[in-house]
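[1] sequence first, predicted model second:
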Amino acid sequence: MNSSVSTQRFLARTLAAPESPTSLTETLADGTRLTLLDAGVLRISPTQPGSHRALISCGVHGNETAPMEIVDQLVSDIFNGQLKVNNELMFVIGNPPAAIAEQRFVEENLNRLFSGKHRHSTAKEAARAARLEALTEAFFLDGDEPRLHYDLHTAIRGSYIEKFAVYPYLHSRTWSESQFGFLEQAGIEAVLLSNQPSGTYSYFSSHEFGADAFTIELGKVRKFGDNDMRRFAQMTESLRRVVDGTERFVARRQAIKIFAVVEEVIKRSENFKLHIPDEAKNFTEYDAGALLASDDDYEYRTQRDGERFVFPITNVPPGQRAMLVVAPVTDLTELTEA
Ligand SMILES: O=C(O)CCC(=O)N[C@@H](CCC(=O)O)C(=O)O
Ligand SMILES: [Zn+2]
């Protein structure tokens, strides 16, 4: 493929050459430099450093198309001069071969292979996870601006809360009120506070580089061309402000709901069962005592009224996440003092 980056849309170019490690550089009229570092990895550098260094990723799951269409439009607007770049950026389309196959993944869930977990896998996605880790490290270590990572996803099931974010486990760090504010004005209705490390891309950026990093769920999985992009206008506008440096990151107005992850349900064996209806939506609420999941020597019953499930999935290998259970948090100090 010898066309320059600007002569083909980022997404089309990536899907046309999903595994070709390419390195192309192009400079826009205002001096902004664009470098294609690998299939689906585009670094964009303004002539002057900005207020933040932002990684915006999508397509970590190949069937989650709306986030890829959002990123494709952002990159296209940058190329054609409709969106000025004032922050150091890297755009990532995570799993191009899976996007071409219109599957969540080809051999293994890419979003469980970060933070070195790829070393224990021989799947195609393992090499991609290692490559994305290396490119992400180079990106974040190449400057000292505050680091951001928004990893854009869509969810398999319908949801009583359509747009929500997963806040990776922070260990000893505290949650950012200004990031709650950013997510709130971007149309995100809830944040799930993770309670343990994970192999996700957002946890990797958060834990390894101290980035304000989130997995952001924007709606439901749909095929390319079936997304109503008006539903993503608020998030798209917020990302445009991250790109052009006009985002102000102010504290939330308390509209965004906060949930704590109280249980990460792990599939232990092929006898694992979810005791929820196939069509039940994310954030379905239960009273205490409800049986949600069972396995050989395990069962999860809700511990208190108001618990809800998120991301239920049975067709995962033993040892992987099969569901999150969350509980509403009214006062964050409840958690910090716990
Ligand atoms: O809808 C589902 O079941 C999964 C949607 C999805 O891909 N969610 C992410 C969440 C990652 C995180 O917990 O930060 C995933 O499962 O990888
Ligand atoms: Zn996903």
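    Perfect, I can see it now. In this text, all values refer to a predicted model and were calculated from it rather than measured experimentally. Numbers count the residues shown, from 1 in each chain. Ligands and ions are numbered 1, 2, ... in the order given.
[2] count the residues that sit near Gln73.
    20 (other C-beta atoms under 10 Å). (C-beta placed from N, C-alpha, C; glycine too.)
[3] quick one: the helix or strand where it lies near ligand 1?
    Using DSSP states H and E, Gln73 sits within helix 65-79. No: Helix 65-79 lies out of reach of ligand 1 by C-beta under 6 Å from any ligand atom, never closer than 10.5 Å.
[4] mind checking how far that helix is from the chain centre?
    Here helix 65-79 shows a centroid-to-chain-centroid distance of 15 Å under the convention C-alpha atoms, centre = their mean, to the nearest Å.
[5] same check on stretch 143-162?
    4 Å.
[6] how about stretch 104-123?
    Distance, centroid of stretch 104-123 to centroid of chain: 15 Å (C-alpha atoms, centre = their mean).
[7] got it, and stretch 208-222?
    3 Å.
[8] right, is that stretch up against ligand 1?
    Yes: with C-beta under 6 Å from any ligand atom as the criterion, ligand 1 is reached by stretch 208-222 at Thr215.
[9] max-length helix in this structure?
    helix 124-141 (DSSP state H).
[10] quick one: list the elements packing against it.
    With contacts taken as 3 or more C-beta pairs under 8 Å, 6 or more residues apart in numbering; DSSP states H and E, helix 124-141 sits against strand 33-38, strand 41-45, strand 53-58, strand 88-93, helix 201-209.
[11] dump these to CSV, plus distance to Leu274 and mean neighbour count.
    Output for the helices and strands packed on helix 124-141, formatted as CSV (distance: least, C-beta to C-beta, whole Å; neighbours: other C-beta atoms under 10 Å):
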stretch, distance to Leu274, mean neighbour count
strand 33-38, 37, 19
strand 41-45, 36, 22
strand 53-58, 28, 26
strand 88-93, 31, 24
helix 201-209, 24, 24
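[12] reformat the ones you listed as a markdown table; add mean pLDDT and distance to Val243.
    Converted to a markdown table, the helices and strands packed on helix 124-141 look like this (pLDDT from 0 to 100; distance: least, C-beta to C-beta, whole Å):
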| stretch | mean pLDDT | distance to Val243 |
| --- | --- | --- |
| strand 33-38 | 95 | 13 |
| strand 41-45 | 97 | 8 |
| strand 53-58 | 98 | 7 |
| strand 88-93 | 98 | 6 |
| helix 201-209 | 99 | 18 |
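[13] columns distance to ligand 2 on top of these, output as CSV?
    Shown next, in CSV, are the helices and strands packed on helix 124-141 (distance: least, C-beta to the ion, whole Å):
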stretch, distance to ligand 2
strand 33-38, 20
strand 41-45, 18
strand 53-58, 9
strand 88-93, 13
helix 201-209, 10
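[14] let's have the ones you listed in a markdown table, adding distance to Ile188.
    Shown next, in a markdown table, are those (distance: least, C-beta to C-beta, whole Å):
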| stretch | distance to Ile188 |
| --- | --- |
| strand 33-38 | 28 |
| strand 41-45 | 24 |
| strand 53-58 | 15 |
| strand 88-93 | 20 |
| helix 201-209 | 14 |
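[15] re the thing from before, next, the angle from the helix holding Gln73 to strand 41-45.
    With axes from the mean of the first three to the mean of the last three C-alpha atoms, to 10 degrees applied, the angle from helix 65-79 to strand 41-45 works out at 40 degrees.
[16] which strands and helices sit next to helix 65-79?
    Here helix 65-79 touches helix 10-16, strand 53-58, strand 88-93, strand 147-155, strand 212-220, helix 233-244, going by 3+ C-beta pairs under 8 Å, 6+ apart.
[17] that helix versus strand 212-220: what angle between them?
    Per the same axes, to 10 degrees, the angle that helix 65-79 makes with strand 212-220 is 120 degrees.
[18] please identify the residues of the protein in proximity to ligand 2?
    Residues of the chain lying close to ligand 2 by C-beta under 5 Å from the ion are 61, 64, 153.
[19] circling back: contacts for the helix holding Gln73?
    Identification of contacts with helix 65-79 by C-beta atoms under 8 Å, 6 or more residues apart in numbering yields 5-6, 9-12, 28, 32, 34, 42, 44, 56, 58-59, 83, 85, 91, 93, 99, 152-154, 218-219, 221-224, 226-227, 229, 231-232, 235-236, 239-240, 243.
[20] put the buried members of those into a ChimeraX selection.
    Typed into ChimeraX, the line below selects the buried ones among those, using 16 or more other C-beta atoms under 10 Å:
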select :5,6,9,10,11,28,32,34,42,44,56,58,59,83,85,91,93,99,152,153,154,218,219,221,227,231,232,235,236,239,240,243
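[21] look at Ala327 and give its secondary structure.
    State at Ala327, reduced to three classes by DSSP: H, G, I helix; E, B strand; the rest coil: strand.
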